[in-house]
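Colleague: Got a sequence here, can you build the structure:
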Amino acid sequence: MDNPISSNNIEVNNSISNLSFLWTAIFKDESYISQLENGIEHRFQEVKDRFNELKYFTLQHKEKEISFTVDLVNGLIIYNNYKNTEIVEKKENIRLIYFRRNRITMTESGDQQSHQIWYFLGFQYLDKLGNNQKIILRIDSNGSFLIGE
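Modeller: Numbers count the residues shown, from 1 in each chain. Model (predicted):
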């Protein structure tokens, strides 16, 4: 008897084909890593290994002209390449926040009924008083977003 939470189903549920957004990391030396390059998926760990060199981190929708970019030099989130050049507050120690949450609804018989993915993108930083602050967007698969967790 096949368990609905078997490794085969987990692999399908976590497949890159289920994702609406893919990431690209651009580093200070202008090199980059894209999540999917020439049919090969890069792991986010490759970005984490170079966090101190990270300049921009972008989520690009696979089908729509929607993108979100975190500028880790100035502490900005840029939507669809729009950039307001006015920096309101100088930020120190800017660090990327990025993760996904999946919600899978199952029927009583164990079949998958729905699968929702939310993308969380933003940054945390130290303000002028040394307090840790964070700004996070919650983005759904269609590209709609809310500020906050």
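
Colleague: quick one: Y125 and G75 touch, right?
Modeller: Yes: using C-beta atoms under 8 Å, Y125 is in contact with G75, at 5.4 Å. The C-beta positions use only the backbone N, C-alpha and C, and glycine is treated the same way.

Colleague: what's the overlap in contacts for the two?
Modeller: Shared contacts of Y125 and G75 (C-beta atoms under 8 Å, 6 or more residues apart in numbering): K91, I94.

Colleague: neighbour-wise, which of these two wins?
Modeller: Neighbours per residue (other C-beta atoms under 10 Å) separate Y125 from G75, with G75 holding more: 21 against 18.

Colleague: Which residue comes closest to the more buried one once chain neighbours are left out?
Modeller: Nearest non-adjacent residue to G75, counting by C-beta to C-beta, 6 or more residues apart in numbering: K91, 3.6 Å away.

Colleague: contacting residues for that neighbour?
Modeller: By C-beta under 8 Å, 6+ apart, K91 lies in contact with N74, G75, Y125, L126, D127.

Colleague: now these in JSON lines, with pLDDT?
Modeller: Output for the contacts of K91, formatted as JSON lines (pLDDT from 0 to 100):
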{"residue": "N74", "pLDDT": "90"}
{"residue": "G75", "pLDDT": "91"}
{"residue": "Y125", "pLDDT": "95"}
{"residue": "L126", "pLDDT": "92"}
{"residue": "D127", "pLDDT": "87"}
